[in-house]
Each structure stands twice: as C-alpha cells, then as structure tokens.
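Novice: Sequence plus the predicted model coming up.
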Amino acid sequence: MRLIFLGPPGAGKGTQAQIVSEWLSIPHISTGDILRAAVKNETELGLKAKSYMDAGDLVPDSLILDMIRDRLEQPDAKSGWILDGFPRNVAQAQKLDEMLASMGQSFDRILSLEVPDDVLVARLLGRGKDQGRSDDNEAVIRRRLEVFYESTAPILEFYGNRPELTIVNGDAELDAVSEKLKTAIRPLSSV
Ligand code: AMP
C-alpha cells in the first residue's frame with residue numbers, strides 16, 4: 001500500500017499518518033521529521049535546510065529529492081509507505097511520478113485533509129507551546145500557510161482528475177478523522 005497524505009500545516013497529517021502506518025504496518029515517511037533529525041544532528045543536509053525551515057519556507061527541491069529517493073530505496077519501503085510532507089509543490093509531484101516509474105512503483109491513494117485556516121492557526125499555536133517546535137510561532141505559522149496556498153495547494157489541481165485523489169474533512173475529532181481515512185483506504189487493502 002502506497003499512500004500520499006496532503007494538507008496544510010496543522011491539518012493533522014503527521015498524527016494521522018502515524019496512526020494509519022501502524023494500522024497497515026508500513027513506514028511513515030515524513031520529510032519534516034527527517035529534516036528535523038538532520039538539523040538536530042547537524043548533518044550537511046541539516047545545516048543547509050535549517051534557515052529555510054526556521055523561516056517557514058520550503059527547503060530547495062534539490063535537497064529534498066535526493067533525500068526522498070534514498071528513503072524510498074530503503075528495504076522497509078519496498079512493499080509500501082505513507083508519504084507525509086512530500087510532495088510539497090508541483091515540481092516535486094512531477095519528480096515523484098518519475099521516481100516511482102523508474103522504480104516500477106505507483107501510489108494507491110492521495111488523501112487530502114481539509115481544515116479551515118482559523119482552526120489550523122489555533123492548533124499550531126497550541127502545538128508550539130506543547131512540543132516546542134521552533135517553527136510554530138505566529139509569524140512563521142502565517143508564512144507556512146502562505147507557502148501552502150502558493151506552492152502546495154496547486155498539487156491538488158495537478159492530481160485533480162486522478163481517481164486516486166480523496167478529500168477528507170480534517171476538522172473533526174482525531175478518532176473520527178482516522179475512521180474516515182481508514183474507510184477510504186480499506187477497499188484497497190486486506191485489513
Ligand atoms: P512539516 O513537518 O512537514 O511541516 O515540515 C517542516 C518544514 O520542513 C517545512 O516548513 C519546510 O521548511 C521543510 N519541508 C518539509 N518537507 C518539505 C518538502 N517536501 N519540500 C520542501 N521543504 C520541506
């Protein structure tokens with residue numbers, strides 16, 4: 001099972017992707033988590049990515065594409081994955097198609113979580129306090145939302161007429177959203 005989770009920052013993608021990855025026993029691949037680990041470990045990638053992340057901007061595609069290719073080639077990703085935070089713009093979505101074609105793979109479902117802006121901002125401000133993420137302060141949150149609408153939302157048009165695209169209302173209780181996601185995925189899986 002190969003799934004792509006889309007949605008604005010604060011939509012609950014990461015939490016839901018983790019729940020679904022445990023349910024299906026497939027790896028949860030979050031580009032944000034990989035980048036935050038790289039920053040923490042002060043790797044070459046982390047040092048290059050940090051200033052973009054702190055500003056709420058996208059890290060350059062060249063860095064992201066090598067990173068995601070390496071990850072998809074790991075043995076645990078052979079039989080399935082959930083992508084969370086990638087693709088983040090139309091160029092990345094096009095590259096993903098090419099990458100998967102070159103690996104003889106394709107994805108089964110794109111799940112797009114929709115949540116109103118005011119709910120997103122409230123959730124992200126709360127998360128900044130709880131989890132101490134340095135990019136969860138109000139100015140950077142506004143920038144990340146702007147980047148979402150400018151760069152990431154056009155992916156929905158790019159994928160618009162593919163039958164794999166499913167829109168899910170993410171403005172509900174965590175368990176209710178998980179159930180909706182599972183309902184969308186269940187017909188494709190043996191779970
Ligand atoms: P996230 O945890 O997905 O919200 O990502 C946190 C930050 O990491 C983003 O604001 C970007 O700076 C960076 N990032 C994560 N994924 C990508 C990506 N696919 N392309 C570019 N930048 C990314």
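Specialist: Yes, it's here.
Novice: Need the single longest helix in this protein, by residues.
Specialist: Assignment by DSSP state H gives helix 117-131 as the longest helix of the chain.
Novice: Show me what from this structure comes close to the ligand.
Specialist: Within the chain, the positions adjacent to the ligand are 9, 31-32, 35, 52-53, 56-59, 64, 85-86, 88, 92, 135, 144 by Cβ under 6 Å from any ligand atom. Yep, even glycine has a C-beta here, placed from its N, CA and C like the rest.
Novice: coming back round to it: for the record, mean pLDDT for the longest helix of the chain?
Specialist: Averaging pLDDT along helix 117-131 yields 85.
Novice: helices or strands up against that helix?
Specialist: Under the contact criterion of 3 or more Cβ pairs under 8 Å, 6 or more residues apart in numbering; DSSP states H and E, helix 117-131 touches helix 138-147.
Novice: Give me the mean pLDDT for the helix it packs on.
Specialist: 93.
Novice: buried ones in that helix?
Specialist: 140-141, 144-145, 147 (16 or more other Cβ atoms under 10 Å).
Novice: give me the element the residue of the chain found nearest the ligand is part of.
Specialist: For the chain and the ligand, the shortest gap (Cβ to the nearest ligand atom) falls at G32, measuring 2.0 Å. Per DSSP states H and E: G32 is located in helix 31-40.
Novice: now for that helix, which elements pack on it?
Specialist: helix 44-55, helix 61-72, strand 81-84.
Novice: Tell me how many other residues crowd W81.
Specialist: Using other Cβ atoms under 10 Å, W81 is surrounded by 24 other residues.
Novice: Double-check A55 against V140; I have them as touching.
Specialist: Yes - if you go by Cβ atoms under 8 Å, A55 and V140 touch, sitting 6.9 Å apart.
Novice: give me every residue that touches A38.
Specialist: If you count contacts by Cβ atoms under 8 Å, 6 or more residues apart in numbering, A38 has them with 45-46, 49.
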